[in-house]
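> Sequence and predicted structure, then a few things I'm wondering about:
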Amino acid sequence: MEDRKRFIQMASRIEDALAWLNRDRFSQLLERLVKTTSHLQQLNVQTRKMSVALQHRWLAAADRCRINTQNLLNDVSYALSKAQQLIQAPRKEVPQLALLIDELRQLQDEFGDIEFEKAENTISVFTEPITLEDIPLGPFKIQLELNKIDQLYYSSPYRVMALDPNPATSDNSVTHPHVNGEKLCEGDGCAAIRAAIEEGRICDFFTLVRSILNTYGEDSPYVPLSDWNGVSCYDCGYTMSSEDTYYCEHCQHDYCSDCSTYCRHCEETVCLGCAGQCSYCEEFVCARCVSACEECGKLFCESCLEDDLCPKCKEDKENDNEQQEEDINENNSVPATHPTEIILASREGQAGSEVQSDRVGEAAVLQGQIG
Amino acid sequence: MRLLYINNDGSGFADYVTASEGTTVEQFFDSKMPGQESEDFLIRVNRQPVARDYVLQEGDRVTITPTKIEGALLS
């Protein structure tokens, strides 16, 4: 007896909600017709303006009217086709109260308890705990908001709430691969769900939602089940979604943004472990774009190496070369151009004393003695 | 005989259809859902589960609802 009374109350609320939905269909049609009428009035204005323009031979003004008329005709055509669609859509009869009570009884048979919140005007059922691909997602509450049924064509009139949530690691609002923020993305079930609500097939509506919750569509989930518990950075262990990972082709592991960088030479993503740092410019480079200096053996990027030498070694080598050249030049030129050296050399042979080349004063004295 | 057939697979239409006398639920399912497995559907006659050899009667209400429906990111 108690159940029957409750069912009558629920069925009555559903009946009201469906009546409002039907009313909304008329509201939409009325809105379209008002728009069409407004366009036709504007068309009338343009017709009069064009007539006046032609009487006065204002051809530029007439051309403006032509353009305006063309735009208006497009608007009228669109508004008429939309109005036509709404007029032709078959009117959905609101089911009788007895049929709605049968629906609710069937709903109770399928789901067990039905929760009816009078104040909120909602009807809810509960699913069994759902596990998809070995990931437990817990039971869900499917709540139909009767006050929102009249908005069926613009928004979803129901919510899907996880009762023992195991959300995706990367996004707490995703409690199921196809539920985000308590909204279900219906996919293949969209048309059937709309039809079930329109026709007052309440049990079919809840059953369809449950069928979607029991299925994993791997082509377009909010978060793939393979990433449900996140992907760990191979270096620091930070958990993130697969979209936020950086794959290092050198060691073939996933890393977070803090533990990865990119090669400044070839722009390939590389982890910090595989990335080398140029000893000169200190930029990160991958193993393929780094080489050792022939002289010092340190690693440098290709941009900083010249003739297989780092800038410092290159400079040192050039200095050495210059010094050598200078020495050679000096050795070659002194006997021919500096008489002092000749004298010193002859004295060295006579006295056996060591004369340094910078003892110029002595050399000058000796030169004077010779002279 | 005339039956009310509600197909919740796809667009989810409800319509009256005719079936020959003595048609079982299994035969009806096979004719309406060729190539599909009945195990993948919730089949109800007059809102109740029935055996596969149940013989349909004039005016029966047959509902076929898939138990697996793929959701999507954008619907």
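Arrived safely, thanks for sending.

> ok, now which ones touch A:Glu110?
A:Val125, A:Cys203, A:Phe206, A:Thr207 (CB atoms under 8 Å, 6 or more residues apart in numbering or on different chains). Glycine gets a C-beta too; all of them are placed from N, C-alpha and C.

> Return the residues of chain A in contact with chain B.
Residues of chain A lying close to chain B by CB under 8 Å from any CB of the partner chain are A:102, A:105-106, A:109, A:177-178, A:184-196, A:199, A:201, A:203-204, A:207-208, A:211-217, A:219-222.

> List buried residues within the residues you listed.
A:102, A:105-106, A:177-178, A:184-190, A:192-196, A:199, A:201, A:203-204, A:207-208, A:211-217, A:220-222 (16 or more other CB atoms under 10 Å in any protein chain shown).

> circling back: out of the contacts of A:Glu110, which is nearest to chain B?
Checking these against chain B by CB to the nearest CB gives A:Thr207 as the nearest, at 5.2 Å.

> residue contacts, residue 7?
The chain I'm using is chain A. A:Phe7 touches A:Ile101, A:Leu104, A:Arg105, counting by CB under 8 Å, 6+ apart.

> my question was about chain B
Contacts of B:Asn7 (CB under 8 Å, 6+ apart): B:Phe13, B:Ala14, B:Lys32, B:Ile64.

> What residues does the second one make contact with?
With contacts taken as CB under 8 Å, 6+ apart, B:Ala14 has the following neighbours: A:Ala195, A:Glu199, A:Arg201, B:Leu4, B:Tyr5, B:Ile6, B:Asn7.

> Stretch A:92-102: how far from the chain's middle?
46 Å (CA atoms, centre = their mean, to the nearest Å).

> Excluding sequence neighbours, find me the nearest residue to A:Pro136.
Closest residue to A:Pro136 apart from its sequence neighbours, by CB to CB, 6 or more residues apart in numbering or on different chains: A:Asn166 at 5.9 Å.

> thought that neighbour was touching A:Ile135?
Yes. Between A:Asn166 and A:Ile135 there is a contact at 7.2 Å, judged by CB atoms under 8 Å.

> What parts of chain B come near chain A?
B:6, B:8-14, B:42, B:44, B:47-48, B:63, B:65-75.

> count of residues packed around A:Pro139?
14 (other CB atoms under 10 Å in any protein chain shown).

> Pull up the per-residue confidence for it.
Per-residue pLDDT puts A:Pro139 at 97.

> What strands flank the helix or strand of chain B with the lowest mean pLDDT, and is each parallel or antiparallel?
Every helix and strand of chain B was ranked by mean pLDDT, DSSP states H and E. The lowest is strand B:13-18, at a mean of 88. Here strand B:13-18 is paired, per DSSP bridges, with strand B:2-7 (antiparallel).

> Buried ones in the strand it pairs with, by neighbour count?
B:Leu3, B:Tyr5, B:Ile6, B:Asn7.

> if I look at the residue positioned nearest the centre of chain B, how far off is B:Asn7?
Residue closest to the average C-alpha location in chain B (CA atoms, centre = their mean): B:Ile64, at 3.3 Å. Remark: distance between B:Ile64 and B:Asn7 (CB to CB, to the nearest Å) = 6 Å.

> Between those two, which contacts overlap?
With CB under 8 Å, 6+ apart, B:Ile64 and B:Asn7 have common neighbours B:Lys32.

> what residue ranges in chain A score low on pLDDT?
A:1-2, A:333-371 (pLDDT under 70).

> before we move on, what about chain B?
B:73-75.

> if I pick the closest residue to A:Asp227 other than its chain neighbours, what's in contact with it?
In this structure, A:Asp227 finds its nearest non-sequential neighbour in A:Ser242, 4.4 Å apart by CB to CB, 6+ apart. Applying CB under 8 Å, 6+ apart, we find A:Ser242 in contact with A:Pro224, A:Ser226, A:Asp227, A:Val231, A:Asp254.

> Between those residues, which sits nearest chain B?
Nearest member of the contacts of A:Ser242 to chain B, counting by CB to the nearest CB, is A:Pro224, at 10.6 Å.

> do you know how far that closest one is from A:Ala162?
18 Å.

> So which bits of stretch B:62-75 are buried?
B:Val62, B:Thr63, B:Ile64, B:Thr65, B:Pro66, B:Ile69, B:Glu70, B:Gly71, B:Ala72, B:Ser75.

> scratch that, stretch A:303-320 is what I was asking about
Quick answer for stretch A:303-320 (16+ other CB under 10 Å): A:Cys304, A:Leu305, A:Leu309, A:Cys310, A:Lys312, A:Cys313, A:Lys314.

> ok, back up a step: put together a markdown table for the contacts of B:Ala14, with distance to B:Gln36 on each row.
Formatted as a markdown table, the contacts of B:Ala14 follow (distance: CB to CB, whole Å):
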| residue | distance to B:Gln36 |
| --- | --- |
| A:Ala195 | 19 |
| A:Glu199 | 23 |
| A:Arg201 | 21 |
| B:Leu4 | 20 |
| B:Tyr5 | 15 |
| B:Ile6 | 16 |
| B:Asn7 | 11 |
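
> Return the member of these nearest to A:Asp16.
Lowest distance from A:Asp16 to these (CB to CB) belongs to A:Glu199, with 15.8 Å.

> follow-up on the earlier one: just flag the most distant two among the buried residues of stretch B:62-75.
B:Val62 and B:Ala72, at 28.0 Å, using CB to CB across the buried residues of stretch B:62-75.

> Let me see the ranges of the strands in the stretch 251-371 of chain A.
A:253-255, A:260-262, A:269-271, A:276-277, A:284-285, A:290-292, A:299-301 (DSSP state E, counting those that start in this stretch).

> In TSV, list those along with mean neighbour count and distance to B:Arg52.
Formatted as TSV, the strands of the stretch 251-371 of chain A follow (neighbours: other CB atoms under 10 Å in any protein chain shown; distance: least, CB to CB, whole Å):
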stretch	mean neighbour count	distance to B:Arg52
strand A:253-255	22	50
strand A:260-262	20	58
strand A:269-271	23	57
strand A:276-277	18	69
strand A:284-285	24	67
strand A:290-292	17	71
strand A:299-301	23	73
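
> got the residue ranges for the helices in the stretch 201-350 of chain A?
A:202-213, A:311-337, A:339-351 (DSSP state H, counting those that start in this stretch).

> what about the longest one, distance to the chain center?
If you compare the mean C-alpha spot of helix A:311-337 with that of the full chain, they lie 61 Å apart, counting by CA atoms, centre = their mean.

> Run through the neighbouring helices and strands of that helix.
helix A:339-351 (3 or more CB pairs under 8 Å, 6 or more residues apart in numbering or on different chains; DSSP states H and E).

> please redo it, this time with the cut-off set to 10 Å
Contacts defined by 3 or more CB pairs under 10 Å, 6 or more residues apart in numbering or on different chains; DSSP states H and E place helix A:311-337 against strand A:299-301, helix A:339-351.

> partners of the first one, with directions?
Here strand A:299-301 is paired, per DSSP bridges, with strand A:290-292 (antiparallel).

> If anything else comes up later, I'll come back, but that's it for now.
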